[in-house]
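> no sequence on this one, just coordinates:
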Ligand code: GTP
Ligand code: SPV
Ligand code: MN
């Protein structure tokens, strides 16, 4: 096994030594990423009660974890961007003085790993050795995080070999629960009242304390691949986005790649793995959450998925809504906060039409359908390897990435926003990204259903001033000729009718919208210019075999002048937050839409 003394990378060696001194773990374990290592950690976690092994015949090599009920989602109010100045973090991020925050954290981390093992996790975001990829090292005291990171990233010894003496992103994580000598551990150690997820963008490091859940603790994901990487992308001329990537093939066998940004729990995983209802049209998955994108020498935008697994929302996932996700998590998977069946399999709301009897809920209590609360937590998740997804794209690990033809923005809007519309040009599309406004979901703590501005679905994930991020998007549009830029679209699967039901069936039916986008890019799809952008006429959409309510399509494609004037007014008010950091072009784009609406 690797030891500190034998480490080649001196910066890494020194950092580990400092952390060991600070956190005082009982042992240090260098993760080699092997199956044997993972199996041994899982075994230990079963012994400790962290993991419940699932029925090996139904769900081989899979486990259920139940978190502490106070540690169930990302904690945005405890997430900080500690750039040198508050202005650099911008008005949408929590900021604290980096020196003061380091002091606070140092106190919290002092002795925090006593009685525990410190794991060193070397991982690559992106295919090993790709020029778009970056290496991170996460230090954690949570074996649950080790086995999750092994699925979500390319993790192990190979990464250190590639790293040599090069730079890496430091991520220090602790559940913040030291053990006294002889003290028995709890299944899910955490310190909710002291949780802090802190980013130091200048030194490209992350300190996460007190939570073991998802994006708070899997530091390669939102912390590195979005918050730190968005800052790296700004500095170096590329983009780190909260986007799925999919390949769409038409009946003639031509494929186009599309990337789409939706806020958390608004349908990325579902769209990325969707099973098309239109004969001849098929979808393949490149990624379901994060896209790193760069312009190539040929002037086109290329994207990679830096992850190697899915951390997907469990509730609502079914054979009907997302059969490919069901196959993906059929083995070698970790489930967190879902319900348990008497035969040791998992269940969640929406998985089957009929609720199986005698369930145990995510809290480990007996549960029946007349219980007022769901059996699975609304933000319960599966962690599953990407290579188990039956529709992974053959190019998903291409180190060059895939060429992007369209970018889509979307959110959860019960009113106002039509099913789909196209931007007039790049800058108008950037405004559409700036204007994403979505009803809050359970993916983060806070009030579900509340409408909030979530520009580019990046509100919780932008590692610098959001106004400067808008400017970066505008700047990226100048890096190539307009004909090579991806076209930009807005979609909304969540518009509701007067009966408060969704007007659009969604899921596999969304391919009808992707088909129109494909045809538009090909110069064939018909569109009608409206003040907010180009909409399909009903006739331009392939609605064959779809039985919608008589007026549903008219409602789905409706653009109300009053609602949109109000929408722009709300956006302008929100944009005023950014003061001098708001690019003039964004205000000008608003003015143009207002004039068209009033015209
Ligand atoms: P994160 O992993 O948190 O970033 O979420 P996500 O954007 O990947 O969302 P996901 O695909 O997991 O979907 C979240 C919820 O929205 C699930 O409960 C889905 O069932 C539901 N959902 C997804 N797509 C659609 C759709 O087209 N229509 C409707 N009505 N619901 C959808
Ligand atoms: C999200 O909230 O967007 C997620 C879940 O994908 S987490 O990894 O917890 O951020
Ligand atoms: Mn997802």
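Perfect, I can see it now. All values derive from a computational prediction rather than experimental measurement. Residues are numbered from 1 along each chain as shown. Ligands and ions are numbered 1, 2, ... in the order given.

> Which residue comes closest to residue 54 once chain neighbours are left out?
Computed as Cβ to Cβ, 6 or more residues apart in numbering, the closest residue to residue 54 that is not its neighbour in sequence is residue 62, at 4.5 Å. Placement of C-beta: from N, CA and C, glycine included.

> Would you state the helices of the stretch 451-599 of the chain in chain order?
Residue ranges of the helices in the stretch 451-599 of the chain, as given by DSSP state H, counting those that start in this stretch, are 466-476, 511-521, 552-556, 561-575, 584-598.

> that older thread, for the residue nearest to residue 54, what are phi and psi?
Here is the backbone geometry of residue 62 (degrees, to the nearest 10): phi -130, psi 160.

> so what's residue 264 closest to, chain neighbours aside?
residue 443 (3.3 Å).

> Ignore what I typed, I meant residue 389.
residue 328 (4.4 Å).

> give me every residue that touches that neighbour.
Residue 328 makes contact with 273, 310, 382, 384-386, 388-390, according to Cβ atoms under 8 Å, 6 or more residues apart in numbering.

> between those residues, which is nearest ligand 3?
Distance to ligand 3 across those (Cβ to the ion) is lowest for residue 310, with 6.8 Å.

> and the helix or strand harbouring that closest one, anywhere near ligand 2?
Per DSSP states H and E, residue 310 falls inside strand 309-313. Yes - interface with ligand 2: strand 309-313 contributes residue 311 (Cβ under 6 Å from any ligand atom).

> Next, count neighbours for the residue in the chain that ligand 3 sits nearest to.
In the chain, no residue comes nearer to ligand 3 than residue 269, which is 3.5 Å away by Cβ to the ion. Residue 269 has 24 neighbours, counted by other Cβ atoms under 10 Å.

> Contacts made by the helix or strand hosting it with the rest, please.
Here residue 269, judged by DSSP H and E, is contained in helix 268-272. Residues outside helix 268-272 that contact it (Cβ under 8 Å, 6+ apart) are 242-246, 260-262, 283, 285-289, 310, 312-313, 317, 321-322, 325, 506-507, 510.

> residues touching the residue of the stretch 51-200 of the chain found nearest ligand 1, list them.
Nearest to ligand 1 in the stretch 51-200 of the chain, going by Cβ to the nearest ligand atom, is residue 74, at a distance of 8.9 Å. Residues in contact with residue 74 (Cβ under 8 Å, 6+ apart) are 197, 213-216, 222, 264, 443-445, 460.

> Once you drop chain neighbours, what's closest to residue 347?
Using Cβ to Cβ, 6+ apart, the nearest residue to residue 347 is residue 339, at 4.7 Å.

> What sits closest to the residue nearest the centre of the chain if chain neighbours are left out?
In the chain, the centroid-proximal residue (Cα atoms, centre = their mean) is residue 289; its distance is 3.8 Å. Spatial nearest neighbour of residue 289, excluding adjacent residues (Cβ to Cβ, 6+ apart): residue 268 at 5.9 Å.

> okay, now that neighbour: neighbour count?
Neighbour tally, residue 268, other Cβ under 10 Å: 27.

> ok, it to residue 102 distance?
34 Å (Cβ to Cβ, to the nearest Å).

> and the residue nearest to residue 289, how far is that from residue 136?
22 Å.

> Could you do residue 321 as well?
Here the criterion is Cβ to Cβ. By it, residue 321 lies 33 Å from residue 136.

> Of the two, which one has the most company?
Between residue 321 and residue 136, residue 136 has the larger neighbour count (other Cβ under 10 Å), namely 29 against 17.

> Confirm for me that the more buried one is in contact with residue 166.
No - judged on Cβ atoms under 8 Å, residue 136 makes no contact with residue 166 at a distance of 11.9 Å.

> For the stretch 201-350 of the chain, which segments are assigned as helices?
214-217, 229-236, 268-272, 323-328.
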